[in-house]
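Visitor: Generate coordinates for the sequence data below:
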Amino acid sequence: MSLKNLHPQFEDISDEYEKINDVLGGSRVVKNKGVHYLPATSGQVVDGYGKAGTLGQQNYESYITRAIFPSTYETALRRILGILHRNPANIKLPDSMKALYTDADGAGTSIYDLLKKINEYQLGIGRCGVLGDIKVLSNNKILPVLKIYSGTAIPNWSEDCHSAAEFVLLNETGQKMNPESFKYEEIKQYRVIRVIKNAEGESTYVTATTNNESDEISELTYISPNAQGATLEELPFSFINAGDTKCCISMPPMSGLADMCISIYRSSADLEQALFNTSSDTLVITRTQSIADDEDETIRTGAGSVIKLGKDDNAKFIGVNSKSIPSQRQNIEYKHEMASQLASQLAIESKSSRTSQEALATRLESATAAYSALALAGAAGLENSLRKLAPLFGVQNPTEEIVVTPNLEFAAAVLDSDTFVDLQSAKNNGLPLSNKSLHKNLVKRGVTEMTYEEEQAAIAAEETLL
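Guide: Below is the predicted model of the structure:
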């Protein structure tokens, strides 16, 4: 099997990964893709779109320049990351692996920031992989390191009868500086990790790297990472999806939001085009006689311009009908509202039900459940890779000595100012919630530092002054 072979699931989702990465790249990346995300209008095609210098090409370039691509996706991702890491995770490591606390990847990234990067991949394209490895220092001291791979860099894999990965292809291609020219160049590199069995049926973890994607996997030169003679029987690797650690791919959790951002972008282009057209009426001149050959035919409009008309000639402006513009604006406003709901991962609700106890409970439960599943999957994947790497560092009981517990206390962070109003309204409608509980949430959010009793006393003092 060649390195060029791709897993069927990876082939099926490649377009989705491209879309998510482009949306995360923002306006510049999306606009550089041209008609892939913003098709040319029929008029632009008739006028020669696709051919340099034509009116159709010029009009399309103006069309795409005026369009606005929203940053909702990236904003939502950063917001949710902030909620997930509102409090740090609790990570327990044995003494022989404590270097990971301050340098988990060999480049100075702490294990806490590495977990945050894992969650970022989970939220973005919905998948990543964590590989446990070793780093040999100049004094021959061996340190543990962790490598994170985006889902786009894991094009092929296989699993055993227990659904555990037994072979994984990792694409390590990246930009590296040429020490001679001091220019960054793309260097292709591929890593294969697999488990092989000897004649006695004993398993050994091996790895190989190559720069040639045409190489056959079976013909690569493999080595078995070891420390003081110890080797591994399992892959120190974990797949991490948005809500689980299975080998099979799951859809990106915010794919719908990415689609909505692209839809807003297209609607924005149409609205801006309509506004431009309504402000650029066409001058129509009706003449009873044709212009002489020696006369200037150039027509100019605006201040300081002169249009010469004969006795029976006529001139008037004809514009584009603007009746559809309010509807276009309303459509974009609705899409922005939909995007905001998707970004918050909250159920869309009618205004009439906003303060009901059932609607509020559903709203909070929807957000916290999604965040919890993602946080737990990220921690489990990291923990699994660490435990499988542990035998190289003399860890006798990885299950007890290595524990990754994510922060799950983010319910307070989900509560915005509107939610507090909803809570008070729901309380008035029968929600069994005391004022002390409401105040406790305000303290957690950092809105106040006073105790409930101090707050009550302050309120009473204000009422006395009034």
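Visitor: what ranges of this structure fall below the confidence cut-off?
Guide: Counting by pLDDT under 70, the ranges of the chain that qualify are 161-162, 279-281, 288-306, 319-322, 344-367, 410-420, 445-446, 464-466.
Visitor: quick check: domain ranges of it?
Guide: 255-288+309-344, 408-465 (automatic domain parsing).
Visitor: Dump those domains to JSON lines, plus distance to I217 and mean neighbour count.
Guide: The C-beta positions use only the backbone N, C-alpha and C, and glycine is treated the same way. Conversion of the domains of the chain to JSON lines gives the following (distance: least, C-beta to C-beta, whole Å; neighbours: other C-beta atoms under 10 Å):
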{"stretch": "domain 255-288+309-344", "distance to I217": "31", "mean neighbour count": "15"}
{"stretch": "domain 408-465", "distance to I217": "40", "mean neighbour count": "13"}
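Visitor: As JSON lines, these with distance to K33 would be great.
Guide: As requested, the domains of the chain are exported to JSON lines (distance: least, C-beta to C-beta, whole Å):
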{"stretch": "domain 255-288+309-344", "distance to K33": "10"}
{"stretch": "domain 408-465", "distance to K33": "34"}
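Visitor: now the farthest one out in this protein, which residue is it?
Guide: Ranking residues of the chain by C-alpha distance from their mean position (C-alpha atoms, centre = their mean) puts K311 at the top, at 66.0 Å.
Visitor: Would you mind measuring from that one to R287?
Guide: Distance from K311 to R287, counting by C-beta to C-beta, to the nearest Å: 11 Å.
Visitor: before we move on, what about T109?
Guide: Using C-beta to C-beta, one gets 75 Å for the distance from T109 to R287.
Visitor: try I68
Guide: Counting by C-beta to C-beta, the gap from I68 to R287 is 42 Å.
Visitor: and D22, what helix or strand is that in?
Guide: Under the criterion of DSSP states H and E, D22 resides in helix 8-25.
Visitor: what comes up buried for that helix?
Guide: Of the residues in helix 8-25, those scored as buried under the neighbour-count criterion (16 or more other C-beta atoms under 10 Å) are F10, I13, E16, Y17, K19, I20, D22, V23, L24.
Visitor: do the same with stretch 194-208
Guide: Buried positions in stretch 194-208, judged by neighbour count with 16+ other C-beta under 10 Å: R194, V195, T204, Y205, V206, T207, A208.
Visitor: mind saving the C-alpha coords of that stretch as CSV?
Guide: These are the backbone C-alpha positions of stretch 194-208, laid out as CSV (Å, rounded to 0.1, in the frame of the first residue of the first chain):
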residue,chain,number,x,y,z
ARG,A,194,2.0,0.9,13.4
VAL,A,195,2.0,-2.2,15.5
ILE,A,196,3.7,-5.3,14.2
LYS,A,197,3.7,-8.8,15.5
ASN,A,198,6.5,-11.3,15.6
ALA,A,199,6.2,-15.1,15.1
GLU,A,200,5.2,-15.5,18.8
GLY,A,201,2.3,-13.0,18.4
GLU,A,202,4.0,-10.3,20.5
SER,A,203,3.2,-6.8,19.5
THR,A,204,5.7,-3.9,19.1
TYR,A,205,5.1,-0.3,18.3
VAL,A,206,7.3,0.9,15.4
THR,A,207,7.6,4.2,13.4
ALA,A,208,9.1,5.3,10.1
